[in-house]
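> here is the input, now give the coordinates:
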Amino acid sequence: MPGADPRALLDAAFAELDVAVEALTKLTETAAAESAAAAAPDSLSSERALLRAVFQRAPVPLFVLEQDATVRRANGRAGDLIGAPPGYATGKTLTAFVDLPFRAAVMSQLAAAARTGTPRQVECRLLGPDGPVDAVLTAGVIVLQDGTRLLVVSAAGPRGGLEGKVSSRGGSGGMGPPGDIRAMTRRMDMITEVTRLLLDNRTFSEAVTLQRCARLLAGGIASWVIVDVERAERLRRQYVIGPNDESSQDLARRVRVLDPQPGSAPAQVHAAGTSILLAHVDDPGILGVTPDETPLLMLLGTTSLLSVPITDGATIYGALTLARAPGEGRFEVADLGLAEQFGQHLGVAVRVDRMFRHHSAVAEALQGSLLPATLPDVPGLDLSAAYLPASEGLEVSGDFYDVFPVTGGWAIVVGDVCGKGQEAAAMTAAARHAIRTLAHWNPDPADVLAKANEVMLGGGYEDRFVTAKLAYLRWDGDLLRVVLASAGHPGPALVRPDGRVDVLGGGGLPLGLFPDADPHLDQLDLGEGDLLFFYSDGVTDARSPEMRYFEDSLADELAGLAGRSAADTARIIQSRVTAFSQDELRDDLTIVVAKVTAPPA
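Residues are numbered from 1 along each chain as shown. So this is what the prediction gives:
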């Protein structure tokens with residue numbers, strides 16, 4: 001690995017070779033003893049083998065350290081104590097296997113022993129495979145023939161032994177089969193829970209997704225979960241979640257305001273896109289420090305850490321960092337693989353959420369360009385409108401409406417384009433602006449729709465079509481005369497002040513299908529208090545869970561609102577449609593209400 005110490009690697013290689021030599025020696029011992037002609041063993045080799053055997057099979061844990069407390073050798077009992085093969089400790093500082101509150105004291109005592117050459121003792125807690133173990137470390141100095149000074153450290157229990165503490169698993173560092181099964185089951189359960197959480201992400205909110213996943217992991221495989229996400233080309237701290245108690249929650253708030261620092265594990269993972277596993281953390285600053293230089297790792301009280309990229313395979317969005325307290329044991333390679341899966345799942349979820357938000361923003365902007373920002377003030381009319389997109393999908397709606405002046409009066413148009421998406425939006429824009437432009441010079445609404453049909457046919461919209469209702473409104477004394485042209489669009493409903501309701505039919509052919517649209521014409525005379533209720537099929541096609549249609553009750557609903565203002569009528573009908581369908585609108589809902597007030601002076 002880059003940055004590895006060649007001397008430590010060489011010592012580790014010698015440790016492995018010692019095991020191989022020992023195994024091969026055992027295989028030849030029997031044959032050598034039976035062979036009378038076997039040569040007498042070399043005395044130096046015998047002494048080395050004796051010393052090696054004494055060290056490896058000593059009944060107490062022994063560590064041989066460099067002057068800087070780096071482990072050079074560890075015997076079998078030491079491996080049992082830390083729950084790993086002896087070679088695992090080689091190259092790490094001994095304090096990496098010491099619980100956080102005791103590290104400074106242990107390091108000071110080791111330094112004192114190395115400096116003075118006199119033995120030193122210190123009480124501490126070592127990080128065993130099943131949690132912290134109380135121990136007394138005794139450190140002494142030995143000098144080799146070449147003058148090299150090494151530290152020899154033995155570990156004993158508070159009363160002189162670790163018999164009840166040291167594992168008898170032969171230094172494998174793993175759990176027995178039942179423990180392996182439990183760990184595997186827990187990991188599989190966690191994958192299932194995270195997958196269910198991501199599949200149930202109805203909000204399509206990146207923030208909600210990350211927070212829910214962090215809470216789930218904090219309650220499952222780690223004491224602390226830290227989520228960092230790139231914002232504006234900088235890694236920002238998003239969430240810090242730990243144990244569910246008041247002090248931990250206060251600590252989480254303190255850590256949450258500290259963005260990842262350069263060189264910290266999350267920053268390295270985000271920059272390189274590769275994971276970090278530190279089963280025993282020997283660098284307390286690996287998570288960064290507080291403004292008063294307190295290492296976050298020590299503040300959180302964790303000793304084992306892993307950090308993985310949040311990525312969809314192409315883009316790295318941030319880093320997911322998990323940390324465990326001493327009592328939870330250390331992270332293993334299987335935990336790293338599990339965390340990397342979570343990081344990939346989260347990366348895909350973030351990509352989908354951002355794509356959803358982008359499409360939603362585009363759809364909203366495009367939809368806004370197809371509808372008037374405000375309705376004009378029309379003398380003698382109380383106007384109101386409502387628009388609500390369908391419950392599912394991000395595509396742009398094909399509904400449109402407009403209110404604009406024409407010669408001698410005003411016009412109201414409501415329409416609906418077949419389908420959704422960019423092509424439907426293009427046809428919606430073409431239909432709305434064509435009708436408005438043609439109506440500016442043409443006094444006949446039916447002829448306006450007929451000419452708009454020609455525009456639609458020439459637009460190359462394939463099999464799409466437009467339904468539309470165009471109304472010309474002109475005052476004639478105290479009466480408001482209305483000429484309605486219809487191209488396959490339903491309504492409107494005429495509501496009288498006394499509660500009588502007349503729902504007009506559609507008539508005519510949709511625009512954009514046939515050369516001869518032949519729009520249908522109706523004429524109405526309205527007086528003060530009369531109300532015209534224009535709508536799209538999102539209103540009439542709304543269905544209840546019992547498969548009833550709102551169209552069947554539209555007249556009754558409007559009759560009950562007779563005399564109400566245009567704004568009240570639009571708002572109440574919209575709320576009743578959504579309640580009727582339990583917020584599951586099958587199509588976009590568009591409403592335009594025009595109520596006749598006093599004739600203009």
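> which intervals of the chain have sub-threshold pLDDT?
1-5, 8-9, 11-12, 15, 19, 29-45, 159-205, 357-370, 391-397, 420-422 (pLDDT under 70).
> what do you get if the cut-off is 50, keeping everything else the same?
Applying pLDDT under 50 to the chain picks out residues 1, 36-40, 164, 167-177, 394.
> show me which strand runs longest in it.
strand 131-143 (DSSP state E).
> so Ser565 makes contact with Asp382?
Yes. The pair Ser565 / Asp382 is scored as a contact, 6.0 Å apart, by CB atoms under 8 Å. The way it works is simple: take the backbone N, C-alpha and C, and place the C-beta from them, glycine included.
> residues shared between the contacts of these two?
Shared between the contact lists of Ser565 and Asp382 (criterion: CB atoms under 8 Å, 6 or more residues apart in numbering) are residues Lys595.
> quick one: contacts for Pro490?
Counting by CB under 8 Å, 6+ apart, Pro490 has contacts 467, 469, 505-506, 535, 537, 540.
> what segments of the stretch 301-450 of the chain are strands?
304-311, 316-324, 381-388, 399-406, 409-417 (DSSP state E, counting those that start in this stretch).
> just the stretch 501-601 of the chain next, same as before
So, for the stretch 501-601 of the chain - with DSSP E, counting those that start in this stretch - the strands run 501-503, 520-526, 531-535, 589-596.
> any chance of these in TSV, plus distance to Ile310 and mean neighbour count?
Below are the strands of the stretch 501-601 of the chain laid out as TSV (distance: least, CB to CB, whole Å; neighbours: other CB atoms under 10 Å):
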stretch	distance to Ile310	mean neighbour count
strand 501-503	55	16
strand 520-526	58	15
strand 531-535	46	25
strand 589-596	38	26
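> out of the ones you listed, nearest to Val417?
strand 589-596 (11.5 Å; CB to CB).
> of all the strands of the stretch 501-601 of the chain, which one comes closest to Leu137?
Closest among the strands of the stretch 501-601 of the chain, once you apply CB to CB, is strand 589-596, at 74.5 Å.
> ok, now which ones touch Ala485?
Contacts of Ala485 were listed using CB under 8 Å, 6+ apart, and they are 445-446, 448-449, 469-471, 508, 519-521.
> again, only using 6 Å
Taking CB atoms under 6 Å, 6 or more residues apart in numbering, we find Ala485 in contact with 445-446, 449, 470, 519, 521.
> now do the contacts for Thr597.
Thr597 neighbours (CB under 6 Å, 6+ apart): 380, 382.
> if you set the cut-off to 10 Å instead, what comes out?
Listed by CB atoms under 10 Å, 6 or more residues apart in numbering, the contact set of Thr597 reads 378-382, 480, 528-529, 565-566.
> and those residues, which of them are buried?
378, 380-381, 480, 566 (16 or more other CB atoms under 10 Å).
> please check the contacts of Ala485 and keep the buried ones.
445-446, 449, 470, 519.
> verify the stated contact: Arg125 with Thr95.
No. Applying CB atoms under 10 Å, one finds Arg125 not in contact with Thr95, separated by 11.8 Å.
> tell me which of these two has more neighbours.
It is Thr95, of Arg125 and Thr95, that has more neighbours when counted by other CB atoms under 10 Å, with 20 against 17.
> bridging residues for Tyr239?
With DSSP bridges applied, Tyr239 shows beta-bridge pairing to Val227.
> who touches it in this structure?
207, 210-215, 218, 225-229, 252, 256, 320.
> from those, which land in strands?
The members of those that map onto strands under DSSP E are 225-229, 320.
> now, which of the buried ones among the contacts of Ala485 sits nearest Asp402?
Leu470 (9.6 Å).
> the helix or strand harbouring the closest one: what's the following helix or strand?
Applying DSSP states H and E as the criterion places Leu470 in strand 466-476. Next along the chain after strand 466-476, taking DSSP H and E as the criterion, comes strand 479-487.
> for that next one, list every residue counted as buried.
479-480, 482-487.
> do the same with stretch 225-234
Within stretch 225-234, the residues scored as buried using 16+ other CB under 10 Å are 225-230.
> just to revisit the earlier point, what's the closest of the strands of the stretch 301-450 of the chain to Leu336?
Taking those one by one with CB to CB, strand 304-311 is closest: 5.4 Å.
> partners of the closest one, with directions?
In the sheet, strand 304-311 lines up against strand 276-278 (antiparallel), strand 316-324 (antiparallel) (DSSP bridges).
> would a markdown table of the ones you listed with distance to Ala267 and mean neighbour count be doable?
Formatted as a markdown table, the strands paired with strand 304-311 follow (distance: least, CB to CB, whole Å; neighbours: other CB under 10 Å):
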| stretch | distance to Ala267 | mean neighbour count |
| --- | --- | --- |
| strand 276-278 | 11 | 19 |
| strand 316-324 | 8 | 26 |
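> pretty sure His433 contacts Met427?
No. Contact criterion CB under 10 Å: His433 and Met427 do not qualify, at 11.1 Å.
> show me which of those two is the more surrounded one.
Shown here are His433 and Met427; by other CB under 10 Å, Met427 has more neighbours (26 against 15).
> got a list of what that one touches?
398, 400, 415, 417-419, 456, 459-462, 464-466, 511-512.
> do you know how far it is from Gly459?
Separation of Met427 from Gly459 (CB to CB, to the nearest Å): 7 Å.
> what does the nearest residue to Leu287 once chain neighbours are set aside show for phi and psi?
Once flanking residues are discounted, Leu287 sits nearest to Leu296: 4.0 Å by CB to CB, 6 or more residues apart in numbering. Main-chain torsions, Leu296, degrees, to the nearest 10: phi -60, psi -30.
> now Leu296: how far from Gln249?
Separation of Leu296 from Gln249 (CB to CB): 16 Å.
> who's more crowded, the two?
Taking neighbours as other CB under 10 Å, Leu296 and Gln249 compare with Leu296 leading, 25 against 13.
> verify the stated contact: that one with Gly288.
Yes. The pair Leu296 and Gly288 passes the contact test of CB under 10 Å, sitting 5.3 Å apart.
> give me the common contacts of the two.
255, 258, 260-261, 264.
> what residues are up against Glu22?
Neighbours of Glu22 in contact, by CB under 10 Å, 6+ apart: 49, 52-53, 56.
> secondary structure and neighbour count for those - can I get that in JSON lines?
JSON lines is the format used below for the contacts of Glu22 (DSSP: H, G, I helix; E, B strand; the rest coil; neighbours: other CB atoms under 10 Å):
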{"residue": "Ala49", "secondary structure": "helix", "neighbour count": "16"}
{"residue": "Arg52", "secondary structure": "helix", "neighbour count": "15"}
{"residue": "Ala53", "secondary structure": "helix", "neighbour count": "12"}
{"residue": "Gln56", "secondary structure": "helix", "neighbour count": "20"}
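> what's the closest of those to Arg586?
Gln56 (75.7 Å).
> if I look at the residue nearest to that closest one when sequence neighbours are not counted, how far off is Ala113?
Leaving aside its chain neighbours, Gln56 sits nearest to Asn75 (5.1 Å; criterion: CB to CB, 6+ apart). As judged by CB to CB, Asn75 and Ala113 stand 19 Å apart.
> done for today, thanks.
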